[in-house]
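Q: Dropping the sequence and predicted coords here.
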Amino acid sequence: MNKFTKNCGFSDHTISKGKLRNFASKAAIYFGANLVERHIRIFDRNMSKDGPVSIMPFDISDVIEFSKLSKSDQISNLKENYNYQISKTFGRSQRKLSKIELLNRYYYRGRFGSFDRKNYRHIFNWEEIEIWNYEDTKNFNNKKKSYNRRAL
């Protein structure tokens with residue numbers, strides 16, 4: 001994502017406890033996220049709807065301190081504290097979906113969407129589209145301005 005924008009974020013909704021506490025947030029930072037969203041709690045996990053995916057305030061300082069490390073220190077930290085193996089991170093480009101994944105895809109189909117500014121159409125979560133570049137964004141904004149002027 002960083003080749004398309006200078007700001008890249010990660011919305012961490014993992015159950016962050018035990019041996020894997022804060023792992024997903026730290027891995028996201030290592031791979032280039034400069035924004036991490038976490039739910040913070042002050043009560044027990046079972047006291048709120050977001051409790052299971054929320055972290056305690058002291059976890060925030062742990063993630064912030066990790067973000068200040070050099071990349072080499074970050075990967076060392078991930079390896080030492082989480083037995084992290086970078087070669088297992090990327091998976092395969094194609095894989096067969098499980099039965100549960102297929103059921104979820106059909107259930108959520110059409111519930112999430114965005115707007116394809118390049119082709120001026122809605123896109124949905126089951127579609128695969130090409131990523132477009134910054135020049136396309138500028139062209140869209142110019143067309144949008146001229147369209148708005150015509151609409152007036």
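A: Cool, got the structure.
Q: Only C-alpha atoms from now on, for both contacts and neighbour counts.
A: Noted.
Q: Which helix or strand in this structure has the lowest average pLDDT?
A: Taking mean pLDDT, DSSP states H and E as the measure, the helix or strand of the chain with the lowest value is helix 134-151, at a mean of 49.
Q: How about residue 46: what's its closest non-neighbour residue?
A: Ranked by CA to CA, 6 or more residues apart in numbering and with sequence neighbours excluded, the top spatial neighbour of residue 46 is residue 52, at 6.9 Å.
Q: pretty sure the one you found is in contact with residue 40, am I right?
A: No. With contacts defined as CA atoms under 8 Å, residue 52 does not count as touching residue 40, sitting 10.4 Å away.
Q: how close does residue 24 get to residue 31?
A: Computed with CA to CA, to the nearest Å, the distance linking residue 24 and residue 31 is 11 Å.
Q: Can you check the pLDDT for residue 133?
A: At residue 133, the predicted lDDT confidence score is 54.
Q: now residue 63
A: Note for residue 63: predicted pLDDT of 94.
Q: So for whichever strand or helix holds it, what gets flagged as buried?
A: Residue 63 belongs to helix 57-67 when elements are defined using DSSP states H and E. Residues of helix 57-67 classed as buried by neighbour count (16 or more other CA atoms under 10 Å): 59, 63, 66, 67.
Q: My guess is the third one contacts residue 26. True?
A: Yes. Using CA under 8 Å as the test, residue 66 is close enough to residue 26 to be in contact (6.8 Å).
Q: and stretch 67-84, average pLDDT?
A: Averaged across stretch 67-84, pLDDT comes to 94.
Q: How much space separates residue 41 from residue 13?
A: If you go by CA to CA, the gap between residue 41 and residue 13 works out to 13 Å.
Q: re earlier: after the helix holding residue 63 comes which helix or strand?
A: Once helix 57-67 ends, the next helix or strand along the chain (criterion: DSSP H and E) is helix 71-82.
Q: So which elements touch that following helix?
A: helix 23-30 (3 or more CA pairs under 8 Å, 6 or more residues apart in numbering; DSSP states H and E).
Q: Residues contacting the helix holding residue 63, please?
A: The contact list for helix 57-67 (CA atoms under 8 Å, 6 or more residues apart in numbering) reads 22, 25, 26, 29, 30, 40, 41, 42, 74.
Q: so what's the third one closest to, chain neighbours aside?
A: Using CA to CA, 6+ apart and skipping residues adjacent in sequence, the residue nearest residue 26 is residue 63, 6.3 Å away.
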